[in-house]
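Undergrad: Structure of the sequence below:
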Amino acid sequence: MNDSPPQSAQVTLSAYGIAQTLLSLLFLTLSVLRPSEPGRGVLLGLSWQRLGVSLLLLLAALGAFAMLILVRRRHTSVSALADRLQGNLHLPALGLAALLMLSGAAALIPEALGEAAATAGYLDRLLPLAGWLFLSGCALAVTILALARTGRPMEALAISLVLSVCLLGMLAHVRLWPKTEDRNDDIYFTFLEGDRLLRGENPYARVLEGDMRENEKYATYLPLFYYLSAGVQLLGIVEYPQWLAFWRPVFLLASSWIAICIFWRAWATRHRVFAVAASLFWLFNRWTLHVSISADLDFLPLALLLTSWALLGRRPRAALVVLGTSIAIKHYGVFLAPLFLMSVWRTSTDPKARIWKDLLLLGSAPLIASLPFLFLDADAFAKSILFSVTRNPMATGDIHSLDALLGWSGWAARIPMIGLLVLIYVAVWRGRLGAYASSLLVMATVTFFNSVFFTSYMVWVMPFVPLACLEAFPRDSEALDAPGKPPQADRP
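TA: Here you go, the predicted structure:
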């Protein structure tokens, strides 16, 4: 007898439940059996890291087994899950599968290449989790592809290509990581700000000792990453080399996620060769390599920024929250906020009613993160954030902007940049620019006309170069979200 679609989905989900249960139990066993260092045992001879990993794997095994029981009993929720995985959850589930695989790879590759010496003991205890993440992602991807009603071969090809490109990028980036850390890099000062938080100090208070002109490595970011910096140190990673070695795989994963966002956007417009070229362009251009080597945190907020663009068409409110989270880490993306808001308002039936709600969604993450410092010392916090506006011009390699060459400083130095941004926003509002072309122009203007220029700023321009190229093809540009235009009606 031929399997009906529900029965076929039941077999697929049963196979996934069995595979996921066995994987979780296997890596749980490996985690428990690994020897602990003397003096690190918290419970049953397990260190707190291994205890946390083992608990997570146990919960995963129980969850997979519970799902398997529901599938075998033909519970109604299983049919609903299968329908959603074949419908609106199909691409998000594939994205989750890719994220799981790359999360595991980001921990396994540095260990395999011997580039994780600084956290050898720490990462060693996480290897079972890394292996489980990678193989669980593989199992989920196979399951989602098996459930697909149409387009299965092309989706399988797409995910195989993008993962191959990302793994190649990971191997290359890890090989380029320096053997020693440079304590003049910006990332070192975020480590110090996290340490100051743990010691009960206000990281923004130091700016009050200066003249708002000369840079003394003040805390100029919004505080979300400072919280994360302190949180990692609370986990016991209190030495800078170990702390940095923890964050490098995280930034590596974020860079790979950016490659996936670029690839999938190009693939969706049927430019498949260009999708591969665009992701390679991102991973191997000199600016991306530079940020990877210096371990600046830019990949993290930039990955959230591109994720918010991907969400904007179908989940505009979620997109605004994700964009706000990106800004709360590093506020470079704030210059794209008007594009997002214009996109939402131009496609809304009642934009006036949405204005305050959308602004609240966008500002929720930055505001929540900043509230403690606003109550503690609003003057110090405001001056720290505004220091980037009032500080003296500075440029790597003495490649100065127009205002610096003319001797301008302070707010006056921002007139050329702000004037160009206003013109771009007006052009977007009038529907003259597409989503990625306008993003490219905004990021390029902020980078090239800002009186302060560091080479890491270039990485904010690079993803939008291949994405903007997609809008040059008339037959496909309508498929892209355009901030200045309402969505086009579907053609018959």
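Undergrad: Assign a three-state SS to the residue nearest the centre of the chain, would you?
TA: Nearest residue to the geometric centre of the chain (CA atoms, centre = their mean): Ala303, 3.0 Å. Of the three states, Ala303 takes helix under DSSP: H, G, I helix; E, B strand; the rest coil.
Undergrad: Need the nearest residue in space to it, chain neighbours excluded.
TA: Distances taken as CB to CB, 6 or more residues apart in numbering place Ala254 nearest to Ala303, at 4.1 Å, with adjacent residues excluded. Glycine gets a C-beta too; all of them are placed from N, C-alpha and C.
Undergrad: swap in Ala172?
TA: Phe284 (7.0 Å).
Undergrad: now swap in Ile18 and tell me
TA: Leaving aside its chain neighbours, Ile18 sits nearest to Leu68 (6.3 Å; criterion: CB to CB, 6+ apart).
Undergrad: For the longest helix along the chain, give the mean pLDDT please.
TA: Secondary structure of the chain per DSSP state H: the longest helix is helix 351-390. For helix 351-390, the mean per-residue pLDDT is 87.
Undergrad: distance between that helix and the chain's centre?
TA: Its chain's C-alpha centre and that of helix 351-390 lie 21 Å apart, by CA atoms, centre = their mean, to the nearest Å.
Undergrad: Remind me what whichever helix or strand comes after that helix packs against, helices and strands.
TA: Reading on from helix 351-390 to the C-terminus, the next helix or strand found by DSSP states H and E is strand 394-395. If you count contacts as 3 or more CB pairs under 8 Å, 6 or more residues apart in numbering; DSSP states H and E, strand 394-395 packs onto strand 452-453.
Undergrad: Mind listing residues that contact the strand it packs on?
TA: 388, 391, 393-396, 399-401, 447 (CB atoms under 8 Å, 6 or more residues apart in numbering).
Undergrad: pLDDT of that strand, averaged?
TA: For strand 452-453, mean pLDDT is 84.
Undergrad: now do stretch 230-242
TA: 87.
Undergrad: so how far is it off the chain centroid?
TA: For stretch 230-242, the separation from the chain centroid amounts to 21 Å (computed by CA atoms, centre = their mean).
Undergrad: Tell me the span between the first and last residue of it.
TA: 13 Å (CA to CA, to the nearest Å).
Undergrad: Quick check: buried residues in it?
TA: 230, 232-233, 237, 240, 242 (16 or more other CB atoms under 10 Å).
Undergrad: Now do the residue nearest to Ala172: how many residues are near it, please.
TA: Around Phe284 there are 15 other residues, counting by other CB atoms under 10 Å.
Undergrad: do the one 10 residues further on as well
TA: Ser294 has 18 neighbouring residues, counting by other CB under 10 Å.
Undergrad: now the one 5 residues further on
TA: Counted with other CB under 10 Å, residues neighbouring Phe299 total 22.
Undergrad: which ones are touching it?
TA: Shown in contact with Phe299 (CB under 8 Å, 6+ apart): 251-252, 254-255, 258, 291-292, 459.
Undergrad: change it to 6 Å
TA: 251, 254-255 (CB atoms under 6 Å, 6 or more residues apart in numbering).
Undergrad: Looking at the residues you listed, spot the one nearest Met170.
TA: For these, the closest approach to Met170 (CB to CB) belongs to Ser255, at 8.5 Å.
Undergrad: I'd say Pro110 and Leu176 touch.
TA: No: using CB atoms under 6 Å, Pro110 is not in contact with Leu176, being 11.8 Å away.
Undergrad: mean confidence score for stretch 66-86?
TA: The predicted model assigns stretch 66-86 a mean pLDDT of 79.
Undergrad: go on, stretch 12-21?
TA: Mean predicted confidence for stretch 12-21 is 89.
Undergrad: can you check stretch 197-211 too?
TA: Per-residue pLDDT over stretch 197-211 has a mean of 89.
Undergrad: same thing with stretch 214-222?
TA: For stretch 214-222, mean pLDDT rounds to 85.
Undergrad: Name the residues that touch it?
TA: 189, 193, 203-204, 206-207, 210, 328, 330-331, 366, 369, 384, 387-388, 391.
Undergrad: again, only this time at 7 Å
TA: 189, 193, 203-204, 206-207, 210, 226, 327-328, 330-331, 366, 369-370, 384-385, 387-388, 391-392, 394 (CB atoms under 7 Å, 6 or more residues apart in numbering).
Undergrad: Check stretch 287-295 too.
TA: So stretch 287-295 is contacted by 173, 176-178, 185, 187, 244, 247-248, 251, 255, 282, 298-299, 455-456, 458-459, 462 (CB under 7 Å, 6+ apart).
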